[in-house]
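Visitor: Using only what follows, build the 3D model:
(one chain, ligands or ions: 2)
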Amino acid sequence: MLGNFTYSNPTKLYFGKDALDNLKTELKKYGNNVLLIYGGGSIIKTGLYDKVVKILHEAGKNVYEDAGVMPNPTVEKLYEGVKRARACNADLLLAVGGGSVIDYAKAVSVSVHCEEDPWDKYYLRFEEPTCRVVPVGSILTMVGTGSEMNGGAVITHPAQKLKIGHVFGDMVFPKFSILNPELTFTVPQYQMVAGIFDIMSHIMEQYFSGTDDSASDYIMEGLMRSLIHSSKIAVKNPTDYEARSNIMWVSTWALNTLVAKGKSTDWMVHMIGQSIGAYTDATHGMTLSAVSLPYYRYILKNGLHQFKKFACNVWNVNPDGKTDEAVALEGLALMEAWMKEIGLVLHSKELGVTEEMLDGIVKGTLIMDGGYKVLKPEDIRSILKESL
Ligand code: NZQ
Ligand code: ZN
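Guide: Numbers count the residues shown, from 1 in each chain. Ligands and ions are numbered 1, 2, ... in the order given. Below is the predicted model:
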């Protein structure tokens with residue numbers, strides 16, 4: 001039975017090869033000062049930077065820049081971005097990049113007019129903004145996080161060894177997002193497959209909970225099937241538009257709040273993965289791929305019916321004559337084979353995790369209670385040990 005919920009998603013999406021043409025229309029809705037936010041320079045190499053700046057100038061905007069947003073954006077960079085946005089009195093934060101750039105823009109957006117320290121307020125106390133929020137628009141260049149249509153903004157505090165995501169409400173969602181699958185063709189293979197697993201993980205985090213017959217689960221099974229199918233094509237031919245466009249669209253739906261409606265959700269793989277990220281600065285999707293199989297095998301008996309459903313409906317396992325546990329394990333074995341086929345990291349030591357870090361990673365892992373098993377610190381340690 002679906003529980004009570006409210007569904008609303010305020011982000012306007014423009015999808016397809018011509019999606020950038022809509023930027024001009026969107027810009028009319030905002031004041032003159034645009035802070036263009038981007039990462040380490042991929043958008044300059046691909047020529048996207050020139051195209052966007054030209055559109056901004058043609059629209060008569062004053063263009064200011066905040067470049068160098070790193071993967072896993074840090075709190076120091078956030079402080080810098082807030083200063084830049086204040087200095088130019090930004091009317092719009094235009095994020096051009098992947099999840100890191102868009103997350104960062106959202107974190108800046110809630111901090112520009114806020115007098116308190118944003119790390120303490122949003123990431124340690126999880127408060128909602130009480131100040132004016134500067135609007136964010138995005139042009140997505142790397143697929144995986146769903147940041148283009150959600151309120152998530154993950155920031156890392158390297159000195160405190162914490163990586164924390166705040167999921168903000170409607171007012172922090174991008175006002176518009178421009179999704180052209182062609183812009184993802186140049187994403188390096190390692191990042192592309194990390195993004196693909198991030199998508200898979202977002203869906204699994206919302207799928208592995210509950211015992212009821214939920215329409216959301218059926219939607220998720222379809223999304224996972226499409227993702228698995230397209231991922232195999234994209235790793236062989238990264239410029240296959242059909243595959244890249246399907247992956248992009250699945251990614252947005254995997255984490256734009258829809259599929260979680262009426263369900264509880266797990267998120268323990270993300271909590272462990274984020275803590276690994278705080279210690280290693282590893283690529284987000286790879287931190288998830290390294291811990292997923294040990295985690296799911298660890299909790300399998302607590303949610304056996306759902307793991308069986310996953311095996312049959314997502315991986316086409318034939319259950320005839322097999323125990324539920326055998327079916328469930330076969331599903332995870334097929335997932336492991338797929339993960340190997342597309343080139344994911346399966347061991348956390350490949351990301352720089354060492355035995356000595358484990359206690360700290362356990363300590364930095366937030367424990368959630370929406371999945372099949374509420375983990376204790378010693379459970380997390382066992383899962384991490386297995387992942388090495
Ligand atoms: O910085 P540049 O030069 O642009 O290079 C980036 C970066 O090095 C590169 N890249 C992006 N688009 C490209 C490209 N290179 C060539 N061609 C292109 N078209 O890819 C690298 C990775 O980019 P990044 O934005 O870091 O990747 P991703 O989109 O995976 O974002 C990761 C961040 O999002 C957070 C993660 O924790 C991490 O901090 N997440 C955000 C979520 C949300 N908002 O809801 C949920 C996720 O679970 C996740 O936690
Ligand atoms: Zn993720």
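
Visitor: contacts, neighbours, all on C-alpha from now
Guide: Will do.

Visitor: Which residues of this structure lie near ligand 1?
Guide: With Cα under 6 Å from any ligand atom as the criterion, the chain comes near ligand 1 at residues 39-43, 70-72, 97-101, 103, 141-147, 150, 152-154, 183-184, 186-188, 191, 195, 284.

Visitor: Among these, which ones are in helices?
Guide: The members of these that map onto helices under DSSP state H are 42-43, 99-101, 103, 191, 195, 284.

Visitor: Just the buried ones from those?
Guide: Those of those that meet the buried threshold are 42-43, 99-101, 103, 191, 195, 284, by 16 or more other Cα atoms under 10 Å.

Visitor: Output those residues in CSV, with pLDDT appended to each entry.
Guide: Shown next, in CSV, are these (pLDDT from 0 to 100):
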residue, pLDDT
42, 98
43, 98
99, 98
100, 98
101, 98
103, 98
191, 98
195, 98
284, 98
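
Visitor: And the residue of the stretch 201-350 of the chain closest to ligand 1?
Guide: Of all residues in the stretch 201-350 of the chain, residue 284 sits closest to ligand 1, at 5.2 Å by Cα to the nearest ligand atom.

Visitor: nearest to residue 120, of the ones in helices among the residues of the chain next to ligand 1?
Guide: For these, the residue nearest residue 120 by Cα to Cα is residue 103; the value is 17.0 Å.

Visitor: one step back: show me the contacts for the residue of the stretch 201-350 of the chain closest to ligand 1.
Guide: 72, 194, 198, 273-274, 277 (Cα atoms under 8 Å, 6 or more residues apart in numbering).

Visitor: Let's have the buried ones among the ones in helices among the residues of the chain next to ligand 1 in CSV, adding distance to residue 136.
Guide: Shown next, in CSV, are those (distance: Cα to Cα, whole Å):
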residue, distance to residue 136
42, 20
43, 18
99, 13
100, 14
101, 11
103, 10
191, 24
195, 22
284, 23
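
Visitor: Next, give me the two most distant ones among those.
Guide: 43 and 284 (20.4 Å).

Visitor: so where's this structure uncertain?
Guide: Within the chain, not a single segment meets pLDDT under 70.

Visitor: about what we covered before: now rank the contacts of residue 284 by neighbours and give me the top one.
Guide: Greatest neighbour count in these, by other Cα atoms under 10 Å, goes to residue 274: 31 neighbours.

Visitor: Could you find the closest non-adjacent residue to it?
Guide: Closest residue in space to residue 274, ignoring its immediate chain neighbours: residue 163 at 5.6 Å, by Cα to Cα, 6 or more residues apart in numbering.

Visitor: Pick out the residue closest to the middle of the chain.
Guide: The centroid of the chain falls nearest to residue 145 when counting by Cα atoms, centre = their mean (2.2 Å).

Visitor: Backbone dihedrals for that one, both of them.
Guide: Residue 145 adopts backbone torsions of phi -80, psi -30, taken as degrees, to the nearest 10.

Visitor: so where's the longest helix in the protein?
Guide: helix 215-236.

Visitor: helix or strand right after it?
Guide: The helix or strand immediately downstream of helix 215-236 is helix 241-254, counting by DSSP states H and E.

Visitor: In terms of secondary structure, what does that following helix contact?
Guide: Helices and strands touching helix 241-254, by 3 or more Cα pairs under 8 Å, 6 or more residues apart in numbering; DSSP states H and E, are helix 189-207, helix 215-236.

Visitor: Distance from the last one to the middle of the chain?
Guide: On the basis of Cα atoms, centre = their mean, to the nearest Å, helix 215-236 is displaced by 16 Å from the centre of the chain it belongs to.

Visitor: Buried residues in it, which are they?
Guide: Those would be 216-217, 219-221, 223-228, 230-235, for helix 215-236 by 16+ other Cα under 10 Å.

Visitor: So what touches stretch 56-66?
Guide: For stretch 56-66, with Cα under 8 Å, 6+ apart as the criterion, the contacting residues are 24, 27-28, 32-38, 53, 81, 84, 88.

Visitor: Now do the buried residues in it.
Guide: 56, 61, 64-66.

Visitor: Same check on stretch 281-298?
Guide: Across stretch 281-298, burial judged by 16+ other Cα under 10 Å covers 281-296, 298.

Visitor: Please apply the same query to stretch 85-96.
Guide: Quick answer for stretch 85-96 (16+ other Cα under 10 Å): 85, 89-96.

Visitor: What of stretch 251-263?
Guide: 251-257, 259-263.

Visitor: sorry, back to before: now, of the contacts of stretch 56-66, which are buried?
Guide: Among the contacts of stretch 56-66, the ones that count as buried by 16+ other Cα under 10 Å are 27, 32-38, 81, 84.

Visitor: For the residues you listed, work out which two are farthest apart.
Guide: Among those, 27 and 81 lie farthest apart (Cα to Cα), at 21.0 Å.

Visitor: just to revisit the earlier point, let me know the closest of the contacts of residue 284 to residue 112.
Guide: Within the contacts of residue 284, the smallest distance to residue 112 is 20.1 Å, found for residue 72 (Cα to Cα).

Visitor: Settle this for me: residue 304 is touching residue 327, isn't it.
Guide: No: counting by Cα atoms under 8 Å, residue 304 does not reach residue 327; the two are 9.4 Å apart.

Visitor: Looking at the two, which has the bigger crowd around it?
Guide: residue 327 (24 against 19).

Visitor: The more buried one - that's part of a helix, no?
Guide: Yes: counting by DSSP: H, G, I helix; E, B strand; the rest coil, residue 327 is part of a helix.

Visitor: My read is that it contacts residue 308, right?
Guide: Yes: using Cα under 8 Å, residue 327 is in contact with residue 308, at 5.7 Å.

Visitor: As a quick check, tell me the outermost residue of this protein.
Guide: residue 321 (38.6 Å).

Visitor: Quick one: end-to-end distance for stretch 61-79.
Guide: End-to-end distance for stretch 61-79, by Cα to Cα, to the nearest Å: 24 Å.
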